[in-house]
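[1] pasting a predicted model and its sequence here:
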Amino acid sequence: MGILGATKGTVLEPQIEQLLNLEKDGSAAYLALAYVARQQGHAKLAEELEHIGADEARHAGLYAIMNGKVTEDLRPVLANIAKQELKAEIALAPIVDKCRELELYEVADEIEKAAKEEMRHGAIIHGLIEKYL
Ligand SMILES: [Fe+2]
Ligand SMILES: [Fe+2]
């Protein structure tokens, strides 16, 4: 694979790392803005911002590849990720509880929803490993 780990251990590694972090932050910012836009009733604007956010996430992925953050050995890496995803409900429960204690009910609900999605990701990844790897 041409770009996998290509910049790791070179003088470019810190700059690529910086770009990776900028893209991650950009992705989060666009998706956060999309959330706000949707709340304000701008569904189409929200959708466009989500697409841009997805592009930035893809760019982050490219920089992650260049700096060798993943290996070509998909099965064990994905199996480990699935394991982490499946810990989400337990891992996030104390934060959800703390939110409710602080009467941040909507925040608690959103984190709980995200945790359920993480669990779903874990199950999906397990299925994908069995189907394709
Ligand atoms: Fe980008
Ligand atoms: Fe996830």
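    The structure has been received and is ready for your questions. Residues are numbered from 1 along each chain as shown. Ligands and ions are numbered 1, 2, ... in the order given.

[2] what helix or strand is A46 on?
    helix 43-66 (DSSP states H and E).

[3] elements contacting that helix?
    Here helix 43-66 is seen to pack against helix 13-39 when contacts are counted using 3 or more C-beta pairs under 8 Å, 6 or more residues apart in numbering; DSSP states H and E. In this view, the C-beta of every residue, glycine as well, is placed from N, C-alpha and C.

[4] give me the pLDDT value at M1.
    Looking at M1, its pLDDT stands at 61.

[5] most centrally placed residue in this structure?
    Centroid check for the chain by C-alpha atoms, centre = their mean gives A57 as the closest residue, at 7.9 Å.

[6] contacting residues for it?
    By C-beta atoms under 8 Å, 6 or more residues apart in numbering, A57 lies in contact with E23, K24, S27.

[7] and if we set it to 10 Å?
    Contact analysis of A57 by C-beta atoms under 10 Å, 6 or more residues apart in numbering lists E23, K24, G26, S27, A28, Y30, L31.

[8] roughly how far does the nearest residue to A82 once chain neighbours are set aside sit from ligand 1?
    Spatially, and ignoring its direct neighbours in sequence, A82 is nearest to I125 (4.0 Å; C-beta to C-beta, 6 or more residues apart in numbering). Distance, I125 to ligand 1, by C-beta to the ion, to the nearest Å: 25 Å.

[9] give the burial count for I125, as a bare number.
    Neighbour count of I125, defined by other C-beta atoms under 10 Å: 19.

[10] now A34
    Counted with other C-beta under 10 Å, residues neighbouring A34 total 21.

[11] wait, isn't it in contact with A46?
    Yes: assessed by C-beta atoms under 10 Å, A34 is found in contact with A46 at 4.4 Å.

[12] now the helix or strand harbouring I124: buried residues?
    Here I124, judged by DSSP H and E, is contained in helix 105-132. Neighbour counts over helix 105-132 (16 or more other C-beta atoms under 10 Å) mark A108, I111, E112, A115, E118, M119, H121, G122, I125, H126, I129 as buried.
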